[in-house]
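K.L.:
got a structure for you, letters missing:
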């Protein structure tokens, strides 16, 4: 993540920029974890990489910008890490711009429908999205685990019933034998 700092040429300090990228990585990795739990191992890796990539491209609010999205796409974009991370980083970066760029900044905010006051909301959404994806993955793992435990318990129950019924037969055979006494 730290290599992006030199590519972006940001007005933010390194630690500030890096911490924002870690937050975005938290959100996207949660989505990847969920995808890897849902899918078969053969396709899980590919989907865990492609899902955040595709949602980042189509739901980031850059092209098309948020005001130009139809209602269904806009609603789905509200649940996308890309929409909130783009607004978060853009508003943080533009807040560091000199005052003489105020007109350009206001045009950018209007075009993308960003608000500097949404920084806290964007931060909370990124945290929440990462957490929600992880909770969903955990619940799915629990459900899968419960199913596998149930099948193991059924197998164990059947095995013990067969073992017990076999030992009862052995005891009944022992009782039916005549008692032999050696002289």
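P.N.:
Perfect, I can see it now. Quick caveat, the model's predicted, so the values are computed rather than measured. Numbers count the residues shown, from 1 in each chain.
K.L.:
burial of residue 46, as a residue count?
P.N.:
11 (other C-beta atoms under 10 Å). For glycine as for every other residue, the C-beta is placed from the backbone atoms N, C-alpha and C.
K.L.:
what's the answer for residue 56, then?
P.N.:
Neighbour count for residue 56, taken as other C-beta under 10 Å: 19.
K.L.:
Same question for residue 34.
P.N.:
21.
K.L.:
Just the element for it, please.
P.N.:
Assigned by DSSP states H and E, residue 34 falls within helix 14-38.
K.L.:
Report the buried residues of that helix.
P.N.:
By neighbour count, and taking 16 or more other C-beta atoms under 10 Å as the criterion, the buried residues in helix 14-38 are 17, 20-21, 23-38.
K.L.:
Over to stretch 103-116?
P.N.:
Residues of stretch 103-116 classed as buried by neighbour count (16+ other C-beta under 10 Å): 105, 108-109, 112, 114.
K.L.:
which residues of the protein fall in helices?
P.N.:
4-8, 14-38, 41-58, 71-77, 81-95, 102-112, 119-176 (DSSP state H).
K.L.:
export these to TSV and tack on mean pLDDT and distance to residue 64?
P.N.:
Formatted as TSV, the entries for the helices of the chain read as follows, by pLDDT from 0 to 100; distance: least, C-beta to C-beta, whole Å:
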stretch	mean pLDDT	distance to residue 64
helix 4-8	62	23
helix 14-38	86	21
helix 41-58	80	9
helix 71-77	86	8
helix 81-95	85	12
helix 102-112	84	10
helix 119-176	77	19
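K.L.:
which residues touch the nearest residue to residue 116 once chain neighbours are set aside?
P.N.:
Distances taken as C-beta to C-beta, 6 or more residues apart in numbering place residue 91 nearest to residue 116, at 4.9 Å, with adjacent residues excluded. Taking C-beta atoms under 8 Å, 6 or more residues apart in numbering, we find residue 91 in contact with 109, 114-116, 118-119, 122.
K.L.:
can you rerun that using 10 Å?
P.N.:
Residue 91 makes contacts with 105, 108-109, 112, 114-119, 122, as judged by C-beta atoms under 10 Å, 6 or more residues apart in numbering.
K.L.:
again, but for residue 126
P.N.:
When the contact criterion is C-beta under 10 Å, 6+ apart, the partners of residue 126 are 20, 23-28, 30, 81, 84-85, 88.
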